[in-house]
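J.: sequence plus the predicted model coming up.
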Amino acid sequence: MSIHPTAIVAPGAQVPASCTVGPYCILGENVILGEDCELVSHVVLDGHVTFGSRNKIYSFACLGIAPQDLKYNGEPTRLTFGDDNSIREYVTISRGTAGGGGLTSVGSGCLIMAYTHIGHDSHIGNGCILANSATLAGHVIVEDYAVVGALCPVHQFCRIGKYSYIGGGTTITQDVLPYSLTSIERNNHAYGLNKVGLERRGFTPIQIKQLRVAYRLLQASKLNTSDALAAIRATLTEAPEAEHVQYLADFIASSERGIIK
């Protein structure tokens, strides 16, 4: 076990021998690290925080801190991480609140860049990228392989669909469609399909074509959202390889805040 002599590790913290804890790190008594985790320096881990394996946490990150919620009264809520995440400098992630389910979670294989904030009771999927100073209020859901650009504030209870890409500086107050490109430069609208990202993730030409047709029905037709959704279900969801179109339709139907169209 490599623990720098200036680090403070509370009795009760679980640190496997394969981990590295750098200078001036502070680990609370309810912290559980997985195998091969590395804390570079000046990292603060507080509260009930559990990590999977091979997570790397850079200097001055504060994880598992008390939620910024006036209703929080010291309940033993949690923060969990999967494997292979990179948490960069000055990231802050709050643990959950009793009223929000008691859990904030981050999946596996995520890159959370400098100065990002993830509020209480938020849930980040696998393979996500949150660029510098992305700011997620409480109760935000970021689905698998979504990208949140730099300096993006995201309103409470918003849902960011999987494989979507949000351009830098975009304010998010409604749900972001899966597979979409959304940007402030297009008046905070979804302006097309994240084709390059989908190709990189192995989507087939048929799947991309089906999603493009669905987006045309949503954006380029004169149909309102309900009628466009009905048209998508009627014409596309039963086609071969249409599971992503089905997911898009279900996402729209289940949206509580409305979608950025």
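T.: Here it is on my side, so go on. Numbering: from 1, shown residues only.
J.: can you read off the pLDDT for Arg186?
T.: On the pLDDT scale, Arg186 is placed at 61.
J.: please apply the same query to Pro153.
T.: 96.
J.: likewise for Tyr191?
T.: pLDDT, read off for Tyr191, is 82.
J.: which regions of the stretch 51-200 of the chain sit below the pLDDT cut-off?
T.: In the predicted model, the stretch 51-200 of the chain carries pLDDT under 70 at residues 186-188.
J.: switch the cut-off to 50
T.: Counting by pLDDT under 50, the stretch 51-200 of the chain shows no low-confidence range.
J.: can you map out the helices along the stretch 101-250 of the chain?
T.: Under the criterion DSSP state H, counting those that start in this stretch, the stretch 101-250 of the chain contains helices at 195-200, 205-219, 225-235, 243-254.
J.: any chance of the ones you listed in CSV, with mean neighbour count too?
T.: (Each C-beta comes from the backbone N, C-alpha and C, glycine too.) As requested, the helices of the stretch 101-250 of the chain are arranged in CSV below (neighbours: other Cβ atoms under 10 Å):
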stretch, mean neighbour count
helix 195-200, 14
helix 205-219, 18
helix 225-235, 15
helix 243-254, 18
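J.: as TSV, those with distance to Glu75 would be great.
T.: Listed next are the helices of the stretch 101-250 of the chain as TSV, based on distance: least, Cβ to Cβ, whole Å:
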stretch	distance to Glu75
helix 195-200	38
helix 205-219	41
helix 225-235	39
helix 243-254	29
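J.: find the centremost residue of the chain, please.
T.: Ile124 (3.0 Å; Cα atoms, centre = their mean).
J.: could I get the contacting residues of that one?
T.: 105-107, 110, 112, 118, 130, 142 (Cβ atoms under 8 Å, 6 or more residues apart in numbering).
J.: farthest-separated two in these?
T.: Ser105 and Leu130 (13.9 Å; Cβ to Cβ).
J.: give me the distance between the residue nearest to Thr237 when sequence neighbours are not counted and Arg216.
T.: Nearest residue to Thr237, sequence neighbours excluded (Cβ to Cβ, 6 or more residues apart in numbering): Gln246, at 4.7 Å. As defined by Cβ to Cβ, to the nearest Å, Gln246 lies at a distance of 17 Å from Arg216.
J.: check Ser108 too.
T.: 34 Å.
J.: just to revisit the earlier point, between Ser105 and Leu130, who's got more neighbours?
T.: Leu130 (30 against 19; other Cβ atoms under 10 Å).
J.: show me what contacts the more buried one?
T.: By Cβ under 8 Å, 6+ apart, Leu130 lies in contact with 110-113, 116, 118, 124, 136, 142, 148.
J.: returning to what we had before: surely the residue nearest to Thr237 is in contact with Pro240?
T.: No. In this structure, Gln246 is not within contact of Pro240 by Cβ atoms under 8 Å, at 12.0 Å.
J.: now do the strands in the stretch 101-250 of the chain.
T.: 103-106, 111-112, 117-118, 123-124, 129-130, 135-136, 141-142, 147-148, 153-154, 159-160, 165-166, 175-176, 180-183, 189-193 (DSSP state E, counting those that start in this stretch).
J.: list the helices and strands the third one packs on?
T.: When contacts are defined as 3 or more Cβ pairs under 8 Å, 6 or more residues apart in numbering; DSSP states H and E, strand 117-118 sits against strand 92-94, strand 135-136.
J.: and the gap between the closest residue to Gly22 other than its chain neighbours and Val148?
T.: Spatial nearest neighbour of Gly22, excluding adjacent residues (Cβ to Cβ, 6+ apart): Ser41 at 4.0 Å. For Ser41, the distance to Val148 equals 26 Å [Cβ to Cβ].
J.: ok, these two, which is more surrounded?
T.: Neighbours per residue (other Cβ under 10 Å) separate Ser41 from Val148, with Val148 holding more: 30 against 16.
J.: no more questions from me, cheers.
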